[in-house]
Every structure is written in C-alpha cells, then in structure tokens.
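Asks: turn this into a model:
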Amino acid sequence: MKKNNPFKFGSIVTGDYFYNREDELLRISQTLSGGNNVTLYAPRRYGKSSLVKKALSELKKEGFITVYLDFMSVYSQETFIKNYSHAIAESEPSSLEKTVTKFSQLISGIVPSVSFDSSGIPSFSLSWIEGRNKEQTLTDVINLPQKLSSPDSKWIIAFDEFQEVTKLNGENFEKLLRSCIQHHDNVSYMFFGSRTHLLKDMFSSKNRAFYNAASVMSINKIDENKSIDFLETRFLSSGIVISKEVSKYLLTVTDNIPYYIQFIAHEVWQSAILGGIQDIAFLDIDNATENILALKSDYYWELTNKQTAYRKKVLHALSKTGKELFSKDAANTYNLGAVSSTQKAIDTFIDDGLIERIADNYAFSDPFYRMFINRNI
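Replies: You can find the predicted model right below:
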C-alpha cells in the first residue's frame, strides 16, 4: 500500500499538516469576531497564510462570512475591482443568480453576469460600462461587504500581501480604502504580508492612511518542543522513528522556520521510504540537505549572479554572522567598505526578500541559501 508523505510545503497547510499556533489562532479569532481589525507581521515562511486560512475556516464555522484576497494578484485598480468582486461573489451565501442581482443594484460602472458550463456549473463574470466613473465603481466595490452584511450576518475580509496596495495609485488608493472601511461596522479586516518593514510603515507611520487602523500582532518561530513533537508524531505515523536529538538537529539546520522544517522533513521521509530506513539518523538530515542544495543550486547561482561584487561580500558576511556587521572589526574581517555602503546593500536584500531583520539581527529568509552562500562565495 502506497504511503502518503506526512509533510507538506509550498502551499497552504491544513488539517494534520498544521500544528501549534493555538495562542495566535485564538487571538486572531477573538479580535476579528469582536469587530476589530488585525495587522499580522511575520517573516517569510513562518506560516502566516496557513494560520490565517485556519482562522478564517474556524470563523466561518461560527457563522461569519469570510473573504480572502491576495494582493499579489492585483496590479491595477481595475484588477482589484474584478478580483475582489469575484472573491466576494464566491463567499456570498446567496445563490450566484441572486448575488448578481445584488451586485447590479449596489455597484455602478459594471455589469455582473452568471453563465453555466456544459456541466451546469455556474461562474461569475463582469463587464465594464463605458463612460462610467471608475473611482465611483471602485468605491462601490470597497463598500460592498458592508452593504451585504448586517448585525446578524457579519463579514471578515483577509488581505494577503497587503503592502502591495501601494502599487495601486499610491497614497490615493490607500486613503480611499481607509476612508471607506473605517465606516464598516459589520465587517472586520485582517491585513498581512511577507514584507514586514513595509507593513510596519503603513500601520505605524502617522502620515500614512492606515496609521493605527488595526491591532498589531506578530508571530514568531514555533516553540521548539512543539516542532519536535510534530516531527516525532508525523514520522511515526509511517512507522519511522526520529529521536529528539535528531529532530533538534533538523530544527537547527532549518533555523526552526516552519516552511523549511516541512521541506527537509518531506525530503528525509521520501529517502527513508525509498531506502527502507526505519530510524532517522543525523546523516539522513545531512543527505537531505545536500539533495536540497543540489536541487536549488541553479536557482541560487542565478540569484547570486544578479548581485554586484560588493553585495556578494555583504551576503558572505551575513552568512557568517548576523550581528555586529557594522563594526570596524566586521569591516576588516570581511573586507567591507563604509558602513553606509553595507547598510545600503542590506536594505536592498531586505526589499528583495533575501534577508529579514529580526530584532537587532539579520537572518536569511532561506536557511539553505545561507548555506549555499557560505560554501560558494
């Protein structure tokens, strides 16, 4: 009988693949269900999207109508109108035909319609009315959840990668969005994304439209003991043993980042099944690491060769230490130039998502890329 890999990465984690985060899940659910907004900060690969999808699933069971929109799919005000309308239509509890009627009454500038495929499955679409004011249409769509909601039928909206909103006509779109949703008393909003420095600026700078618009929440790495328990339980479900010591070594290799824990565990499990291994050893973690580095080598070289010679120096220094990089000793040890040049390089890495600033330290978003740089640069 074929066994399914008990580890999952690269997509939203649900069911038994999702673990821990009970405290964060409770706080999100209580804040949103209480009618308040939440901003969620966390570095890449910490499991934000999985956590939010889990929270939305729980809130839906409690009777809330939930909507999820990824701003990475939005590149203009027109695509926002289209994608947000689709997301709302899919979540609206009425039949699609009734939803289309409601949309026609509530949104100016577009003509919503429903069509059926050969199997009779309905789908939602819309077309534009020439000459209509696009800003009014945008305003109508932003206000749609409030108009569809009621005190007995409340909505919760989750905006993923919300920092990308800055691409939609800059501050004007931000101001319009904030000016609308601040009056939505039957709708709660969750804003989250992977570029934490941009999100923090949006919600903590007094000159930004969303200043103090939501309760601020951050998630950290999962408790080490919870991760060890997860690894032991999931491996054992396939009759494979992994000790606490080897589990802890796996967490060290992955910097205890949830995505990479599942990534390397997936590789280790696959090799164990193919090799008939029933007891995971330290060497199995090392072999899986080498397999991953070989698999991603071309991508890592491409990523690295895009950097200037100076940035490569800074990457090398960061792969050795995330601390005291601006000291005179660090500059001499790694042959770095002026502190201002080092800071500029690091800012570029942060903007590109290669590096995260965590407290006073800098860490690679991808621990395997850190290993690659350490070995090759």
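Asks: and the residue lying closest to Phe162 once chain neighbours are set aside, which of the three is it?
Replies: Leaving aside its sequence neighbours, Phe162 sits nearest to Phe191 (CB to CB, 6 or more residues apart in numbering; 4.2 Å). Every residue, glycine included, has its C-beta placed from N, CA and C. What DSSP: H, G, I helix; E, B strand; the rest coil gives for Phe191 is strand.
Asks: write down the beta-bridge partners of Phe191, one by one.
Replies: Beta bridges link Phe191 to Thr39, Phe159, judged by DSSP bridges.
Asks: my guess is it meets Tyr41, correct?
Replies: No: using CB atoms under 8 Å, Phe191 makes no contact with Tyr41, being 9.7 Å away.
Asks: are there residues contacting both of the two? Which ones?
Replies: Leu199 (CB atoms under 8 Å, 6 or more residues apart in numbering).
Asks: looking at these two, which is more packed in?
Replies: Phe191 (24 against 20; other CB atoms under 10 Å).
Asks: next one: the more buried one from Ile181, what distance?
Replies: 10 Å (CB to CB, to the nearest Å).
Asks: could you do Leu293 as well?
Replies: 45 Å.
Asks: between those two, which one's more packed in?
Replies: When Leu293 and Ile181 are compared for neighbours, Ile181 comes out ahead with 19 against 16, by other CB under 10 Å.
Asks: quick one: contacts for the more buried one?
Replies: For Ile181, the contacting residues are 142, 146, 187, 189, by CB under 8 Å, 6+ apart.
Asks: switch to 10 Å and redo it
Replies: Applying CB atoms under 10 Å, 6 or more residues apart in numbering to Ile181 gives the contacts 37, 142-143, 145-146, 157, 187-189, 210, 213.
Asks: quick one, phi/psi of it?
Replies: The phi/psi pair for Ile181 (degrees, to the nearest 10) reads phi -70, psi -20.
Asks: what's the spacing between it and Arg375?
Replies: As judged by CB to CB, Ile181 and Arg375 stand 48 Å apart.
Asks: remind me, longest helix of this structure?
Replies: The longest helix of the chain (DSSP state H) is helix 282-305.
Asks: and the closest residue to Arg27 other than its chain neighbours, which of the three is it?
Replies: Among residues not flanking Arg27 along the chain, Met217 sits closest, at 6.4 Å (CB to CB, 6+ apart). Here Met217 is strand, with the state taken from three-state DSSP.
Asks: how far out from the middle of the chain is stretch 147-167?
Replies: 16 Å (CA atoms, centre = their mean, to the nearest Å).
Asks: revised request: answer the last question for stretch 247-261.
Replies: With CA atoms, centre = their mean, you get 19 Å for stretch 247-261.
Asks: now do the end-to-end distance for that stretch.
Replies: Its start and end residues considered, stretch 247-261 measures 10 Å (CA to CA, to the nearest Å).
Asks: related to what we said a few turns ago, any common contacting residues for Phe191 and Ile181?
Replies: Shared contacts of Phe191 and Ile181 (CB under 10 Å, 6+ apart): 37, 157, 210, 213.
Asks: so where's the stretch 1-150 of the chain uncertain?
Replies: For the stretch 1-150 of the chain, the stretches with pLDDT under 70 are 1-2, 11-17, 20, 131.
Asks: any idea where the helices of the stretch 151-300 of the chain begin and end?
Replies: 170-181, 196-204, 224-236, 244-253, 258-275, 282-305 (DSSP state H, counting those that start in this stretch).
Asks: and the second one, average pLDDT?
Replies: Along helix 196-204, the predicted confidence averages to a pLDDT of 85.
Asks: give me the contact list for that helix.
Replies: 37, 39-44, 46, 48, 161-166, 174, 191-193, 195, 207-216, 218, 347, 350-351, 356-358.
Asks: do that again at 8 Å, thanks
Replies: 39, 41-43, 162-163, 166, 174, 191-193, 208, 210-214, 216, 350, 356-357.
Asks: flag every buried residue along that helix.
Replies: 196, 198-199, 201-203 (16 or more other CB atoms under 10 Å).
Asks: just want the angle from that helix to helix 170-181.
Replies: 50 degrees (axes from the mean of the first three to the mean of the last three CA atoms, to 10 degrees).
Asks: numbering from 18 from now on, please.
Replies: Okay, residue one is now 18; in that scheme the one you just asked about reads as helix 213-221.
Asks: from the chain's centroid, how far away is helix 213-221?
Replies: With CA atoms, centre = their mean, you get 15 Å for helix 213-221.
Asks: which two in the shared contacts of Phe208 and Ile198 are spaced the farthest apart?
Replies: Ile174 and Phe227 (13.9 Å; CB to CB).
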